[in-house]
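Undergrad: I would like the atomic coordinates for the input below:
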Amino acid sequence: RFKHVGVLDIFGFEDFGDENFFEQLCINYANERLQGNFNKHIFEEELKLYKQEEMPANILEKMAVECPDNKLTLRLMKRMTEILNEGTNRTPMPDLRQKFKDEGLDLDFGKYARKDGSFEMTSYDTHFAIHHYAGRVEYRYKDMLER
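TA: Numbers count the residues shown, from 1 in each chain. Model (predicted):
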């Protein structure tokens, strides 16, 4: 028999300032997905269940919780993993910044898509930023495909 308790820290985002690479992107993507599942199951589906049970409206209003919607960020990160996967299968490896531009990530997921966009092509040629539910994190393009 196992005698331990496992604890999952869904707020375990990593941000190492100027040194966020592929590993941090993966960790933060996993945490973003966990947060999305948590939001869906705890806030959205529970409220639907209570509505189906015809709970009084005044109680439902008190139970309604506004939580950050991270669906745009999840769609962005899914698209990014597809681009990264495609890029690792090519020789020579593409310029990732240019690939993100060519794929329209800034148009589809940036401030052009929504006022509070999830993706940002920074003014630095070496970084891009993702606005996670936990905050903004800059990632380096360097060696992203090689890792």
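Undergrad: can you give me the end-to-end distance of stretch 120-133?
TA: 15 Å (Cα to Cα, to the nearest Å).
Undergrad: could we number from 762 for the rest of this?
TA: All right, first residue 762 from here; so that's stretch 881-894.
Undergrad: which residues does that stretch contact?
TA: Outside stretch 881-894, the residues within contact range by Cβ atoms under 8 Å, 6 or more residues apart in numbering are 774, 786, 789, 792-793, 796, 829, 831, 834, 837-838, 858, 861-862, 866-867, 871-872, 877-880, 897-903. Every residue, glycine included, has its C-beta placed from N, CA and C.
Undergrad: so how do I select the buried members of these in ChimeraX?
TA: In ChimeraX, this line selects whichever of these come out buried by 16 or more other Cβ atoms under 10 Å:
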select :774,786,789,792,793,796,831,834,837,838,858,861,866,867,871,878,879,880,898,899,900,901,902
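Undergrad: so which of the contacts of stretch 881-894 are in helices?
TA: 786, 789, 792-793, 796, 834, 837-838, 858, 861-862, 866-867 (DSSP state H).
Undergrad: which ones are touching Asn831?
TA: Glu793, Gln796, Gly797, Asn800, His893, Tyr894.
Undergrad: what is the most widely separated pair among those residues?
TA: Asn800 and His893 (13.1 Å; Cβ to Cβ).
Undergrad: tell me how far stretch 797-812 lies from the chain's centre.
TA: Centre-to-centre, stretch 797-812 and its host chain are 19 Å apart (Cα atoms, centre = their mean, to the nearest Å).
Undergrad: tell me the predicted confidence for Val766.
TA: Looking at Val766, its pLDDT is 51.
Undergrad: any regions of this protein where pLDDT drops low?
TA: Residue ranges of the chain with pLDDT under 70: 762-773, 873-876, 908.
Undergrad: which stretches of it form strands?
TA: Ranges of strands in the chain, per DSSP state E, are 880-882, 888-893, 896-901.
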